[in-house]
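**Q** I'll drop the sequence and a predicted model, then ask my questions.
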Amino acid sequence: MQPMQLLPEILLFVGGLAVLITGSFQPRQRQWVTRIIAAAALLSAMVAAGIALPGPTQFPMNGTFTIDVATGVARIVAAFGTLVVLALASDGIAGSVRESETYALLLFSTTGTVVLAGANDLLVLAVAFLLASIPLYGLIGIAGTSEGAEASMKTYLLGSLFGIVLLVGIILLYGISATSSYPELAQRLGAAPTGAVAAGVVAVLAGLLFKAGGVPGHFWVPDAAQGAGGAVAAFLTTVPKIGAMIAIYRIVDLLPDTLAWPLLVAVLATASMTLGNLAAYWQKDPRRLLGWSTVSQVGYMLVPVSVAGMVDSALPALLLYLAGYTVTNLAAFAVSTAFPDRRTLDSYRGTGRSHPWLGAALIVALLGLVGTPPTAVFAGKLITTAAAWDGGLAWLAVVVFINSLISLFYYLRWISPVYGSGGSIHTSASGAVTPARWSAISSVTLAALSVVMGAGAGLILGVLG
Amino acid sequence: MLSLIVFLPLVASLVLVTLPIINDTASRWLWVAVATAELALVFAVWLRYDTPSTGGLAFEEQVPWIPGVNSSYHVGVDGLSLPLLAMTAVIFLACAVYGLRETNRPRLHAALFLFLQSVSMGLFVSADLILFFLFFDLSIVGMYFVIAGWGHGDAARSALKFFLYTFLGSLSLLVGFIGLYVAADPHTFDMVELTRQLPLQGSSMAGGLVLAAILLGLAVKTPTVPFHTWLPPAHTDAPAGGSAVLAAVLLKMGTYGFLRIAMPMLPDAWRQWSWLIIVVGVVSVVYGALVALAQTNLKRMIAYTSVNHMGYIVLAVGAAGVVAGDTEQARSIAITGAVTQMVSHGLITAALFLLAGVLHDRASTYDMDAYGGLAAPAPRLAALFAIGAFASLGLPGFSGFIAEFQIFTGSIAAAPATAVALVGILITAALFLRTLQRVFTGATRGSSVGFVDLRGPELLSVGPLLLLSLLIGVLPRFLLDVIEPAAAALVQLVGR
């Protein structure tokens, strides 16, 4: 037991508890205090993680947890993502009935995500999965709308199903190897019956892919992105992926050669990106469109996983992609929360003229998601595909670029009304054309950050090793 | 020096975007000033330029960018890129002068064109594949907004088609680049290093596939038949300045890629597939000319002559890959002709598109049948258009003649079958003469009535372009002295 090594996780969780307790004793108009507490918890967790980042790899809590660069990046990026979500929430959720509860749930779910990323033991993985998922069910339905309730129910049912699948997989792997610890699994799985290993691994991956929002566990993502409040939608399409993808990487990394796991992961990647892109094609609601787009992004993130352990740059590529994706996706969602009433693509007509900064931020974010240089996602995509090709999966690199082309079309469906000629400035029925302040600031800042991260990708990769 | 050339317009563009204080007039003049400064800088580079060694670059700058994948900010020029750099600076200055009359969001318009200038200049000085790709991709993004934001007709649809089609090309290019990167040992994206290493030399399967990916990307951008279908709508619906930049600069990015990337880095595969490239070139020449002949829309016609003119370049670079004993000099001449053609086509076609823009500006139509006898009310327009048309069809005394003469001299000597493409010149001559007759001669009628002749900015933007074409046609040495050593070096590289 070395609790100080888990300081960022402790800060996040205790911060959540503090928010919950403080919120219970504050009148509704003074709930902003809890937002300050949550932001302080996130910031201090980021600082603590940043200080720990250059340190050596450690395995605290009897070897059930890993503290390495990947965990460090997950801590920082997840906390940063949640911090941005807080900023978005201060537009839409401030003063609402469930303000402090929302913040507490966000912090709990973030803690779960970070633990998921660092898990070095199947049982810790299971606990982290639940800690990351259960607050999410509440968050999706917390706005109390009928769509939110439906999405929450759908997520809950799917989450329970995939949670059970995950547990079955863990039991299988434990049953054939008599251990739940990753290092020991890595030694013993090679000698275990291949069929059982395959079944266990597929089940565990399926559970984690639910968390990441990739095929086959993706069904809840578009509904939740559409039905939940804007800030929550931004959160659930971004932050849980960080933990889930790193957890998937760690699992895949310990698999023996007896299993054709690179092909399995590559097929899952192809399925995720293709299905997500095709389903996004004719969406009219920007948030639902982004929801499907995040499904396809999970496919791109799986690309470096498919060559885990075979190519040195696989893990840095995944981490860079996760960081770039977090920033870019949040920038796109921030534009959507800046105009909470604009729920069709067409209602963005003329935004480029009436709000040039937001229009520019949206374009940078959406083209960034396509993978246009010099944004962060481009750097990530470049390095992930180069790693995949290097690992012998050249066809997967080609699939990635074909999918990028497919995705361009639906992102342009959103961009073209924003900047097309001859558009009139839209005024919605409720007359709200002033963008929400914090969302607007966030979107512009994040869009700029995504370009800076792309230009400085070399420096970031240097830190990631 | 080169970095200054690349980033000065970008900085100016950011200034225009971020400082709304700058009013419309000031932003137009700031654009002209920056474009003039760019031209002066390129001129200074030209004066101080010394031919580098084979495979090397002059004015090199290199800073690590993404060391993890051996990609750096690496720029430099040689005899292949310097003429294009100069042509780009000239075209953008012409567009800036032409843009003095722009009334639709002039500040944003200027910022967008300055951004485009940055990426175009950057592309021609790139010595790193990722840097090249970055500029290649951003040029598409910039042009998309030019067409979508300032175009006319069905601009949104044309812009979308342009974006999707050329984005397909750029992604295919990226696949090829990654193929080169993975094959290289140590892995690198550096062009100079890759040209030295020849990573796929000898592996005809992998080399062929990587070349195919790169060729597809460049062929879409050039464009050659059968990947040209995005070009006519994009040109027709783009604003005049956008069309000029698209035809003069963006299309060259494709043909420049042949010379800079495909030929020196994959010489084995290039020689193996040179027959296919020649066929594509010949088909583009003849098909482009024939389809241009059938057009009634002036801008569409000029667009198709671009397909025809780019076909000559493809033909020449293909012929340069037909390596046989004693044709080395001929192949060098073909490449010199190809580079000259890039410059020449840039100048002439930009002039023609700007003139076509005047037609649309006055009468809102490009339909040739809507005009007639335009020479009477608009003699200056008629004179300039006639000069442009004659230059474009390759009349001796203009740059087009120097270019096409060299292309055919070199190509026919290296691969006699390429003489088939000569018919393209004949058709082009016919179609330009017919256009002159239809639009400018006869009784003044239709939209020609009351047509206002060229005004100051229009004259000042188009005139110098045609003068330069004339200058190259009469005194080509200053240009050829720069190109010829680089062409000879490239022939060496392809022959490896």
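**A** Perfect, thanks for sending it.

**Q** Just the residues contacting stretch A:305-313, thanks.
**A** With Cβ atoms under 8 Å, 6 or more residues apart in numbering or on different chains as the test, stretch A:305-313 has contacts from A:245, A:248-249, A:252-253, A:262-263, A:265-266, A:269, A:304, A:314-315, A:318, A:383, A:386-388, A:390-393, A:396, B:68-69. Backbone N, C-alpha and C define where each C-beta goes, glycine included.

**Q** first vs last residue of that stretch, how far apart are they?
**A** One end of stretch A:305-313 to the other measures 11 Å (Cα to Cα, to the nearest Å).

**Q** Make a ChimeraX selection of the buried ones in the contacts of stretch A:305-313.
**A** Here is the ChimeraX selection string for the buried members of those, based on 16 or more other Cβ atoms under 10 Å in any protein chain shown:
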select /A:245,248,249,252,253,262,265,266,269,304,314,315,318,383,386,387,388,390,391,393,396 /B:68,69
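
**Q** In a helix, B:His74, correct?
**A** No. Assessed by DSSP: H, G, I helix; E, B strand; the rest coil, B:His74 does not belong to a helix; its assignment is strand.

**Q** dump the residue contacts of B:Asp367.
**A** B:Thr296, B:Asn297, B:Leu298.

**Q** Quick one: residues contacting the residue nearest to the second one when sequence neighbours are not counted.
**A** In this case it means B:Asn297. Residue nearest to B:Asn297 in three dimensions, not counting chain neighbours: B:Tyr366, with 4.8 Å by Cβ to Cβ, 6 or more residues apart in numbering or on different chains. Residues near B:Tyr366 by Cβ under 8 Å, 6+ apart: B:Thr236, B:Asn297, B:Leu298, B:Lys299, B:Arg300, B:Ala356, B:Leu359, B:His360.

**Q** Now go through those residues and say which are in helices.
**A** B:Thr236, B:Leu298, B:Lys299, B:Arg300, B:Ala356, B:Leu359, B:His360 (DSSP state H).

**Q** What subset of those is buried?
**A** For the ones in helices among the contacts of B:Tyr366, buried by 16+ other Cβ under 10 Å: B:Thr236, B:Leu298, B:Lys299, B:Arg300, B:Ala356, B:Leu359, B:His360.

**Q** Wait, the fifth one touches B:Ile302, no?
**A** Read it as B:Ala356. Yes. Here B:Ala356 reaches B:Ile302: they are 6.3 Å apart, a contact under Cβ atoms under 8 Å.

**Q** Could you pick out the residues of chain A near chain B for me?
**A** With Cβ under 8 Å from any Cβ of the partner chain as the criterion, chain A meets chain B at residues A:313, A:316, A:356, A:360, A:367, A:372-374, A:379, A:382-383, A:385-386, A:389-390, A:394, A:397-398, A:401-402, A:404-405, A:408-409, A:412, A:416, A:419-421, A:457-458, A:461-462.

**Q** How far does whichever strand in chain B runs longest sit from its chain's centre?
**A** Across chain B, the longest stretch assigned as strand under DSSP state E is strand B:58-66. Here strand B:58-66 shows a centroid-to-chain-centroid distance of 25 Å under the convention Cα atoms, centre = their mean, to the nearest Å.

**Q** Over to stretch A:439-457?
**A** Centroid displacement of stretch A:439-457 relative to its chain, using Cα atoms, centre = their mean, is 17 Å.

**Q** Helix or strand: which one has the residue nearest to A:Ser177 when sequence neighbours are not counted?
**A** Nearest non-adjacent residue to A:Ser177, counting by Cβ to Cβ, 6+ apart: A:Arg188, 4.1 Å away. A:Arg188 is located in helix A:182-188, with elements delineated by DSSP states H and E.

**Q** Can you name every helix or strand that that helix contacts?
**A** In terms of contacts (3 or more Cβ pairs under 8 Å, 6 or more residues apart in numbering or on different chains; DSSP states H and E), helix A:182-188 is packed against helix A:146-177.

**Q** for chain A, which spans come out with low pLDDT?
**A** A:1, A:420-432 (pLDDT under 70).

**Q** All good on my end, thank you.
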